[in-house]
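1. Dropping a prediction and its sequence here:
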Amino acid sequence: MHYFNPSFKNSSTTTPPRKSPFLVSERKGSGGNGHSSNRVPLDADSNGSSTVTCHKCGEQFNKWEAAETHHLSKHAVTELVEGDSSRKIVEIICRTSWLKSENHCGRIERVLKVHNMQKTLARFEDYREIVKIKASKLPKKHPRCIADGNELLRFYGTTVACSLGLNGSSSLCISEKCCVCRIIRNGFSAKKELKEGLGVFTTSTSGRAFESIQILEDDPSIRKALIVCRVIAGRVHRPLENIQEMVGQTGFDSLAGKVGLYSNIEELYLLNPRALLPCFVVICKP
């Protein structure tokens, strides 16, 4: 599934640097004229003579770890209210891809926009460059891979087990049971999100992603959620028969589990969890 709205992807060959949620400024008396004018990304080296400022609220910190904790507890997500232009786009994407045989139009309860950490964005972009370089060395050319790593928009079905999104809550919990918060905090995991021993399972439609969600325990506090992700699909292998036969084979970045009409990849397994970047969380009604 391709979606070329600039809020989801940048289709240029080189991706511009993204704005960090933090600014670093030298303290007075730390050298030079005692004033600071430079703004540097969060993952720049700090020699202890700098303060880290959250550009969202202006709060200052002496340590990177404290700034990250602050971001995850205060600014990791923002709820998109009814009428917001970004929310309308997300709703259109979700509702136009619900399974036509069922009426899912009322399923969206909340839409949260994810504000990823700088290191999360860097990990995603670094993986894109790896895929592009690998593709450029192949004897057979793969234009999409060389251009942007073959970036797609995909859905990932999961659960949220905390109060995220309720009453305006934007604080991520630390429970391992809450998959949404764990993914936003730490990224996708090859161990926890691996499906069928293949990779991270994503879909081209919200309906199929919703169907794939499994709630193993009877806990009314656990809600179903869809994560709208940008993914670097890279070279996609399309097995003709049993997809399990491809386990352990090299040279591909993802596997197509199911291909629909017009060669649309309905189900895609990402072999490297770094290939996924969460952008929006759609919390579904029970």
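-> Now that the structure is in, tell me what you want to look at. Residues are numbered from 1 along each chain as shown.

2. hmm, which helix or strand of this structure has the shakiest average pLDDT?
-> strand 22-26 (a mean of 50; mean pLDDT, DSSP states H and E).

3. State the paired neighbours of whichever helix or strand comes after that one in the sheet, together with their directions.
-> Downstream of strand 22-26, the first helix or strand assigned by DSSP states H and E is strand 50-54. Sheet partners assigned to strand 50-54 using DSSP bridges are listed as strand 22-26 (antiparallel), strand 60-61 (antiparallel).

4. And the contacts of the last one?
-> Where contact means CB atoms under 8 Å, 6 or more residues apart in numbering, the residues beyond strand 60-61 that reach it are 51-54, 67, 70. Glycine gets a C-beta too; all of them are placed from N, C-alpha and C.

5. could you give the mean pLDDT of it?
-> In this model, strand 60-61 has an average pLDDT of 84.

6. immediately after it, which helix or strand?
-> helix 64-74.

7. how about that following helix: buried residues?
-> 64, 67-68, 70-72 (16 or more other CB atoms under 10 Å).

8. where does it sit relative to the chain's centre, distance-wise?
-> A distance of 19 Å separates the C-alpha centroid of helix 64-74 from that of its chain, computed with CA atoms, centre = their mean, to the nearest Å.

9. same check, this time on stretch 52-68
-> Counting by CA atoms, centre = their mean, stretch 52-68 comes out at 23 Å from the chain centroid.

10. can you check stretch 145-152 too?
-> Worked out by CA atoms, centre = their mean, stretch 145-152 lies 16 Å from the chain centre.

11. Make 69 the first number, not 1, from now on.
-> New numbering, starting at 69: the last item is stretch 213-220.

12. Correct me if wrong: Glu136 contacts Asn184.
-> No: using CB atoms under 8 Å as the test, Glu136 is too far from Asn184 to be in contact (11.8 Å).

13. Can you give me the buried ones in the longest helix anywhere in the chain?
-> Counting by DSSP state H, the longest helix found in the chain is helix 186-204. For helix 186-204, a neighbour-count test (16+ other CB under 10 Å) marks 186, 188-193, 195-196, 198-200, 202-203 as buried.

14. With pLDDT and distance to Glu279 as new columns, can these be given to me in TSV?
-> TSV is the format used below for those (pLDDT from 0 to 100; distance: CB to CB, whole Å):
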residue	pLDDT	distance to Glu279
Gln186	86	34
Thr188	92	28
Leu189	94	30
Ala190	95	33
Arg191	95	29
Phe192	97	27
Glu193	97	31
Tyr195	97	28
Arg196	98	29
Ile198	96	32
Val199	96	29
Lys200	96	33
Lys202	93	33
Ala203	92	32
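
15. can I get the residues you listed in TSV with distance to Glu150?
-> Below are the buried residues of helix 186-204 laid out as TSV (distance: CB to CB, whole Å):
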residue	distance to Glu150
Gln186	30
Thr188	28
Leu189	28
Ala190	34
Arg191	33
Phe192	30
Glu193	33
Tyr195	35
Arg196	34
Ile198	40
Val199	38
Lys200	39
Lys202	43
Ala203	42
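
16. Cys230: which of these is nearest?
-> Using CB to CB, Thr188 comes nearest to Cys230 of the buried residues of helix 186-204, at 19.7 Å.

17. quick revisit: what's the angle between the longest helix of the chain and helix 132-142?
-> 100 degrees (axes from the mean of the first three to the mean of the last three CA atoms, to 10 degrees).

18. This completes my enquiry, with thanks.
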